[in-house]
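>>> below are the sequence and a predicted model; questions follow.
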Amino acid sequence: MPRRYIALSHRWGSPEHNTKFCTYKSNIEEFKLGINVSRLPKTFQNAVNVTRGLGLEYLWIDSLCIVQDDEDDWEAEAKLMGRVFSSAYCTIAASCASGSSDGFLKPRQERRTVVMQGPQGDEIFCVCEAIDDFYRDVDQGELNQRGWVLQERALSRRTIYFTETQSYWECGGGVRCETMTKMKKYVITSFLLLGTNCNTQAPASIYKNQPILFALRLGANLSPYPKAAKHRSLATPTSPMPPKNMSKGCESNSSKTSMSATLD
Amino acid sequence: MRIELFQDLYERYSRLTLSFPSDRPIAIKGLESRLIDTFGTTGGYGVFDKYLHRCLLWQRAGKALKHIEAFRGGNLVPSWSWMAYDGPIRYTTVPFGKASWNEDITSPFTKTGQALRGSEHEGEGISTSMLELEAPVWDIFDTKDGQIILDDPSRTIDQALQCVVVGNGKTTNINGRQAYYILLVLFITNVNENQVYERVGVGVLDRRHIALDGKQRMAKIR
């Protein structure tokens, strides 16, 4: 049975301020036996927490799932990056983490609120600052200035962005904020234009000056869970299929370097 | 729509930062493959065979594009691909439906058919000759009042520039001129009696700028 996994979209950050926690030829065997979560840099720990919170067991992180000093592994895996993200159950974007050591589950600034009473005195209105700004927090955010992140975002089925102010949810249906707001501006129907079952020719004005990435939600036409057969052809960590004789701690599938730590 | 879409996407991508500029072809590969599939075409290195001509007409959007000297694993990226350079690009403005494209240009993807089609195997065992464009190359008389955009203006060019005509305007403009959309190319070498060129820029010239009445020379652009 295909297993669901989370993919992490993140910045490594400057080497001076961030722990470089990677899989190398020298530690891959050790990592396969298990990695204690407390050893992971903050951003990865947070990703583990979120993955567990979503009830999933698998998490894909580039620096751990690709052997960084193995040129062949890097070449092979880098080419599959698109599939890693398009096959993931969900992508976690560590938007507010400046690097691996920063973390993205951080205390936030409290929103100022005012409580008002209705004229009859029996109704209460709470008014608070508007903080929804997907453009500033995500589109213009530091993470989205990174070259690799463009396809990570465009190919993911759904992404949760953890930003300084709040988290945002993005999928083919649009963007929703943690504040429960639905961002109308970002609901773009023209993403279907690229799909095979699209008959409508929307005028260009629909997406002119709009963040076109949303028009690129190419995964939108895929079934929510790709058929197992589709995954079987991938002897890579993109395959959410762990071997049957999975040992506790970590597991590795057929590819010599593929690994994904189970979160238990 | 699709053309505007990939143009916007690639222009956007060319402005993003990469820790290793040499990752430029690979860091967008997954999305490129998906687009190739979605468009139902072949392609690679920023080119969709279906839209070959428009894909070739990119230009620097900043002061210069710096050629990336080495790619991971010794992979090759042809000079006609913007992925071979570091720096922002934009696509040359060619009004939709107003240009006729030169059918004499053959992309490497047309030649090899399915071989490079959105595949993960791309780049493996690919030789330079497999990434060549074939096209007629023409001399340029002069470029006065024409538009010439060199990819790297700081580069010293010690021979006459030649050009590949990618397409031309179907009608004449207000000044009675017909736009010729060209790639500027430089001769590099002869290989097995084939003349091999590299791309160094793009331009919009007039008919009178180009020695189109001369002898046609087929060449390879890599």
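Right, received. Where do you want to start?
>>> phi first, then psi, for B:A84.
Torsion angles at B:A84 (phi, psi; degrees, to the nearest 10) stand at phi -80, psi 0.
>>> with adjacent residues omitted, what lies nearest to it?
Across the structure, with CB to CB, 6 or more residues apart in numbering or on different chains as the measure, the residue nearest B:A84 apart from its sequence neighbours is B:V77 (4.1 Å). C-beta here means a position set from N, CA and C on the backbone, and glycine is covered the same way.
>>> likewise B:Y51?
Nearest non-adjacent residue to B:Y51 (CB to CB, 6+ apart): B:I3, at 5.7 Å.
>>> what about the residue in the stretch 51-200 of chain A that chain B sits nearest to, is that helix, strand or coil?
Of all residues in the stretch 51-200 of chain A, A:G82 sits closest to chain B, with a separation of 1.5 Å (CB to the nearest CB). Three-state call for A:G82 (DSSP: H, G, I helix; E, B strand; the rest coil): helix.
>>> tell me which element B:E32 falls in.
Assigning secondary structure by DSSP states H and E places B:E32 in helix B:29-39.
>>> against which helices or strands is the longest helix along chain A packed?
With secondary structure taken from DSSP state H, chain A has its longest helix at helix A:42-53. Contact partners of helix A:42-53 among helices and strands, from 3 or more CB pairs under 8 Å, 6 or more residues apart in numbering or on different chains; DSSP states H and E: strand A:5-9, strand A:58-60, strand A:90-93, strand A:158-162.
>>> any weak-confidence spans in the chain?
Picked chain A for this. Residues of chain A meeting the criterion pLDDT under 70: A:1, A:184-264.
>>> that was the other one, I meant chain B.
Judged by pLDDT under 70, chain B has its weakly predicted residues at B:111-129.
>>> returning to that earlier point: can you report phi and psi for the residue nearest to B:Y51?
Dihedral angles phi and psi of B:I3 (degrees, to the nearest 10) take the values phi -60, psi -50.
>>> what separates it from A:S156, distance-wise?
When distance is defined by CB to CB, to the nearest Å, B:I3 is 24 Å away from A:S156.
>>> more neighbours: which of the two?
Neighbour tally, B:I3 and A:S156, criterion other CB atoms under 10 Å in any protein chain shown: the higher count belongs to A:S156, 25 against 16.
>>> hey, what's the closest residue in space to that one that isn't next to it in sequence bridged with?
The shortest distance from A:S156 to any residue that is not its chain neighbour, by CB to CB, 6+ apart, is 3.9 Å, and that residue is A:T91. According to DSSP bridges, the partner residues bridging A:T91 are A:A7, A:T159.
>>> how many neighbours does A:T91 have?
Here the number of neighbours of A:T91 (other CB under 10 Å) works out to 23.
>>> does it touch A:F162 like I think?
No: A:T91 lies out of contact with A:F162 (CB atoms under 8 Å); the separation is 11.3 Å.
>>> quick check: the closest residue to chain A within chain B vs B:I36, distance?
For chain B, the residue positioned closest to chain A under CB to the nearest CB is B:G30, at a distance of 1.5 Å. With distances defined as CB to CB, the gap from B:G30 to B:I36 amounts to 11 Å.
>>> B:F48 too?
In this structure, B:F48 and B:I36 are separated by 6 Å, where distance is defined by CB to CB.
>>> repeat for A:L105
Applying CB to CB to A:L105 and B:I36 gives a distance of 38 Å.
>>> who has more neighbours, those two?
Of the pair A:L105 and B:I36, B:I36 is the one with more neighbours under other CB under 10 Å, namely 22 against 18.
>>> quick one: name the residues of chain B near chain A.
For chain B, the contact set with chain A under CB under 8 Å from any CB of the partner chain comprises B:1-2, B:4-5, B:8-9, B:12-13, B:16-19, B:23-24, B:26-31, B:33-35, B:38-39, B:72-73, B:120, B:122-123.
>>> just to revisit the earlier point, in contact with the residue nearest to B:Y51, which residues?
Taking CB atoms under 8 Å, 6 or more residues apart in numbering or on different chains as the criterion, B:I3 is in contact with B:51, B:54, B:96.
>>> ok, A:C177 next?
For A:C177, the contact set (CB under 8 Å, 6+ apart) comprises A:132, A:134, A:166-169, A:183.
>>> chain A: strands as residue ranges?
For chain A, strands defined by DSSP state E occupy the ranges A:5-9, A:58-60, A:90-93, A:113-117, A:124-128, A:158-162, A:167-171, A:174-177, A:182-183, A:250-252, A:259-261.
>>> need the contact partners of the third one.
With contact meaning CB under 8 Å, 6+ apart, strand A:90-93 is reached by A:6-10, A:47, A:50-51, A:54, A:85, A:138, A:143, A:149, A:152-153, A:156-162.
>>> domain parsing for chain B?
Taking automatic domain parsing as the domain assignment, the record places the domains of chain B at B:2-97, B:131-221.
>>> count residues in the vicinity of B:N192, would you?
Counted with other CB under 10 Å, residues neighbouring B:N192 total 7.
>>> please state the offset of stretch B:21-34 from the chain centre?
Its chain's C-alpha centre lies 17 Å from the corresponding centre of stretch B:21-34 when counted by CA atoms, centre = their mean, to the nearest Å.
>>> give me the buried positions along it.
Buried residues in stretch B:21-34, counting neighbours by 16 or more other CB atoms under 10 Å in any protein chain shown, are found at B:22-34.
>>> most packed of the helices and strands packed on helix A:42-53?
Across the helices and strands packed on helix A:42-53, the average number of neighbours (mean count of other CB atoms under 10 Å in any protein chain shown) peaks for strand A:5-9, which reaches a mean of 26.
>>> tell me which strands and helices that strand is in contact with?
helix A:42-53, strand A:58-60, helix A:81-87, strand A:90-93, helix A:147-155.
>>> closest to A:G121 out of the ones you listed?
A:G121 lies closest, by CB to CB, to one member of the helices and strands packed on strand A:5-9: helix A:42-53, at 40.5 Å.
>>> tell me what angle the closest one forms with strand A:167-171.
With axes from the mean of the first three to the mean of the last three CA atoms, to 10 degrees as the basis, helix A:42-53 and strand A:167-171 are set at 60 degrees to each other.
>>> and residue 97, how many residues sit next to it?
Went with chain A since none was named. A count of neighbours around A:A97, defined by other CB under 10 Å, yields 27.
>>> actually chain B
Other residues within reach of B:G97, judged by other CB under 10 Å, total 6.
>>> and the one 5 residues further on, by the same measure?
Residues near B:N102, counting by other CB under 10 Å, number 18.
>>> that one and B:R54, how far apart?
With distances taken as CB to CB, B:N102 is found 12 Å from B:R54.
>>> same question for A:S156.
Using CB to CB, one gets 28 Å for the distance from A:S156 to B:R54.
>>> also B:A64?
Using CB to CB, one gets 23 Å for the distance from B:A64 to B:R54.
>>> now do B:R199
B:R199 is 15 Å from B:R54, by CB to CB.
>>> touching, A:V67 and A:I28? I think so.
Yes: because the distance of 6.0 Å satisfies CB under 8 Å, A:V67 is recorded as touching A:I28.
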